[in-house]
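In: here you go, sequence then predicted model.
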Amino acid sequence: MRHPLRRAATLTAAALTAAACSAGADSAAPEHTDVLRYAAVGAAATASNDPHGGLGNESDAMRFALVYDVLTVAGPDGRTAPRLAASWEPDESLTHWRVALREDARFTDGSAVDSGDVLFSLRRMADKAAENYGRMAMFDLGASRAVDEHTLELVTRAPFARVPEALQSATFVVPEGTTDFSSAPPGSGPYRIAGGDPAAVALERNDDWWGEPAPTGRVEISAIADPQARADAVLSGRADVAGSVSPTAAEQARGAGVQVVRRPGVTAYPVVMRTDRAPFDDPRVREAVKLAADRQQLLDTVFLGFGEIGNDLITPADPSSPDLPQRERDLDRARALLAEAGRGDGLSVELVTTTAYPGMDASATLLAQQLGEIGIDVSVRVEPQETYWTSVYAQSDFYVSYLGGIGFLDVSRIALRADSPTNETAWRRADWERDLDTALADPDPASSDRALGELQTRLRDEGGYLVWGTGDGLDLARPGVSDLPTGPGFARLFVDRVRVGA
Amino acid sequence: MTSAPPLRAGVAVLARAGATAVLLSVVVFAAVEVLPGDAAAARTGGRADAARLARLREATGLDDPLWQRWLSWAAGLLRGDWGTSLLTDRPVADLVLPRLAATAVLTGAALLVAVPLVLALAWLVGTARPGRSRVGGAVLTALAAVPQAVVVAVLVLVLAGLLRWLPAVSLLPPGVPPLRRPEVLVLPALALALPSAAWGGALLAGVVADACAAPHVRDARVRGMPPWRVHRDHVAPFVLAPAVRVLAAVAAGAVSSAALVETVFGYRGLGELLVGAVAGRDAPVVAVTGLLGGLVVVVGAAVADLVALAVTR
């Protein structure tokens, strides 16, 4: 009586297995060379068609970088290179900039890209400042104007020599008057949308693009939130590239015949010490913490060695970051500083962290142990990532922050001015800000960089950031993939020169 | 319940289901409210000042009292307008509908495995000799208690890692429906089906054992009726109503487990969307998604009640 059932169960299992076997076999041979399948960081719930918002999904930002033209990009040497903006020229005061656009750019609906489209897009970004961290804050776009069809005059709020840099990478241009972003507006970039939706899109080469045609005919970008699922997608041959995997996944992949592409200086978990509240209002306490950290151990544990030890410089990958002697661990000096500060009998603090990025929590636990060696008793509290950025970030006295490889200009605007919305270390130095404005108004790149380097040195020695190291951005790629971008910041999004070999 | 005329009792079942659905819509909509933070804060990532946040809240209607937001959302639902995402300004229907199909296919595939398995396990264990039956029941209960994440890990390790029969991720090329690549469904469907089948089987095995022990069943056996006829005519009718209830619960379990399983396998379904929408406090998306999942439970329970009415008439 039980036999028929048993037989049925066996048959079902056999059928499942057989179906799976044949299906697995025919998909195991991806011999294409004209499709790039990219598994990018992103969540379906935040997948958006709006290129002027927060760009929180890397999968969106990458799609925008391929579908829309931007004004300028980072060149191979890290300096700004032309893209839709062909050239630029400031007036004497460095407040009025003439920007000449290419005249041969066309949207995929056939209309020409003109200065009205560019001005509209920049103004829209300014309107959405709350979402994009004030990316256009240095411009007075109300006073800016279209001089003629292909020339703009951009007005800055103060003398500003770094306009080309400020227009880099994220200035996605859409047709003037676009209000409906429930579907993607036409673009004028190297690719056009061929199907899918924002969370999983298929792009094909835009043969009408003004630039050198992209080498790969089709790009498929999938938003995958889980880092291990991204890595597995490449390991199982379902994707050619996985963006931003964990150091653990990168280590596993090295043994599996998959390329690990390293983008240096991308991830930092700076430890924030608020300079306006005890105990970190005392510069000696802050310095003691910086001297007590074992940077090599942190790098080896948190980033598994994929990265470099830090020198407390907030943006070590920035071209203006100064070259200074490495700060070494010195426990005696650290203890002496604590004693001088009247904290020689011990100090109890709470260090807050989260699990938003791999290793953030481990970095706090390890640092707590290291600080224990100089008599600081650190208790670690782990907060859920959903609320970390709104309830801990820029509010707690002592916590693990995150920097995703943005440059010094952006960090200084977001976090280092007295009125910055997220001035997390309470860094309020009128003289420092004055010198920053002077440096930004210096038209000579060399002396401007020197001045900015000076400012970063002061921040390093007096400020509230412990930067013990920077981790590499880690992407996985199947063996035939080449020319993946490795530059800092948004450079990683421009995958329009990537080739996929068999 | 058996004493009421079947029609009236049936109407009562449907009315109860309707009321539960309305209550459910309130709960899923208010659920986001009790979590700390809101969509405006999530959208700006903690980097906007208070004035900008206030403007964003006003623009998206987050300022209005909760009941007012629920009312206009529910009224929209009745008109066929599912609302707009607070995180991306995209229509909720655009986000949900393509994924609804994907999740329906996945949970459908899971039930295709789970339902026969529940029945088979229940009969196997329920009709076994007492000693074996106890052991079988204990094994099923233990299997049902294994966390979903462990089930996923073991399945991936064996079927994808060691045997290399199946892909470890269920990533579909853009625009390709899952049924055109059925191999991506197998692992997530098994991950959904196996724990709930063990649970359902353990539950139903007791019912089968009780039904087999009933006097008229023993009687029929003694009279020499062939075993398959005993089961068809004397055991199955008594097991039918509880079985439908258990299967409704198994379906509900599969739907609610979909969030974890879809995320782990990178499968583009409603569960994966829900996880992100909850993290971003996107009330309209959470509410529609939660309501759809909840309706499976409500409808399943109503069907089970109606079947019970029909067979106990």
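Out: That came in fine, so what should we check first? These numbers were taken from a predicted model, which means no experiment stands behind them. Numbering: from 1, shown residues only, chains lettered A, B, ... in the order given.

In: need the contact list for A:Pro213.
Out: Contact partners of A:Pro213, counting by CB atoms under 8 Å, 6 or more residues apart in numbering or on different chains, are A:190, A:205, A:207. Yep, even glycine has a C-beta here, placed from its N, CA and C like the rest.

In: look up how far chain A lies from the residue of chain B most remote from its centre.
Out: Centroid-distance maximum for chain B: B:Arg223 at 43.3 Å, with CA atoms, centre = their mean. Computed with CB to the nearest CB, to the nearest Å, the distance linking B:Arg223 and chain A is 16 Å.

In: quick one on the thing from earlier: in strands, which of the contacts of A:Pro213 fall?
Out: Secondary structure from DSSP state E places A:Arg205 of these in strands.

In: identify, from the contacts of A:Pro213, the entry nearest to B:Gly76.
Out: Among the contacts of A:Pro213, A:Pro190 lies closest to B:Gly76 (CB to CB), at 39.6 Å.

In: residue contacts, that closest one?
Out: Counted by CB under 8 Å, 6+ apart, A:Pro190 has contacts A:66, A:205-206, A:209, A:211, A:213-214, A:496.

In: pull out the buried residues from these.
Out: Buried by 16 or more other CB atoms under 10 Å in any protein chain shown: A:66, A:205-206, A:209, A:214, A:496, out of the contacts of A:Pro190.

In: can you name the residue of the stretch 201-313 of chain B nearest chain A?
Out: B:Gly276 (2.9 Å; CB to the nearest CB).

In: state the number of residues packed around that residue.
Out: 24 (other CB atoms under 10 Å in any protein chain shown).

In: for it, give me its contacts.
Out: B:Gly276 touches A:43-46, A:225, counting by CB under 8 Å, 6+ apart.

In: switch the cut-off to 6 Å
Out: A:43-45 (CB atoms under 6 Å, 6 or more residues apart in numbering or on different chains).

In: same deal with A:Ala441?
Out: A:Ala441 touches A:94, A:159, A:161, counting by CB under 6 Å, 6+ apart.

In: where does the last one sit: helix, strand or coil?
Out: Secondary structure of A:Ala161, reduced to three states by DSSP: H, G, I helix; E, B strand; the rest coil: coil.

In: burial measure for it, as a count.
Out: Neighbour number of A:Ala161 under other CB under 10 Å is 18.

In: give me the phi and psi for the nearest residue to it once chain neighbours are set aside.
Out: In space, and not counting its chain neighbours, A:Ala161 is closest to A:Pro443: 4.7 Å by CB to CB, 6 or more residues apart in numbering or on different chains. The phi and psi values for A:Pro443, taken as degrees, to the nearest 10, are phi -70, psi -10.

In: count the residues that sit near A:Pro443.
Out: Neighbours of A:Pro443 using other CB under 10 Å come to 13.

In: any chance you could map the strands in chain B?
Out: Going by DSSP E, chain B shows no strands.

In: ok, now the stretch 251-400 of chain A?
Out: Residue ranges of the strands in the stretch 251-400 of chain A, as given by DSSP state E, counting those that start in this stretch, are A:259-267, A:271-273, A:307-309, A:347-354, A:376-383, A:398-400.

In: what's the answer for the stretch 1-150 of chain A, then?
Out: A:35-41, A:72-74, A:80-82, A:85-90, A:96-101, A:145-148.

In: how about those strands in JSON lines, adding mean neighbour count?
Out: Converted to JSON lines, the strands of the stretch 1-150 of chain A look like this (neighbours: other CB atoms under 10 Å in any protein chain shown):
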{"stretch": "strand A:35-41", "mean neighbour count": "25"}
{"stretch": "strand A:72-74", "mean neighbour count": "21"}
{"stretch": "strand A:80-82", "mean neighbour count": "17"}
{"stretch": "strand A:85-90", "mean neighbour count": "16"}
{"stretch": "strand A:96-101", "mean neighbour count": "20"}
{"stretch": "strand A:145-148", "mean neighbour count": "13"}
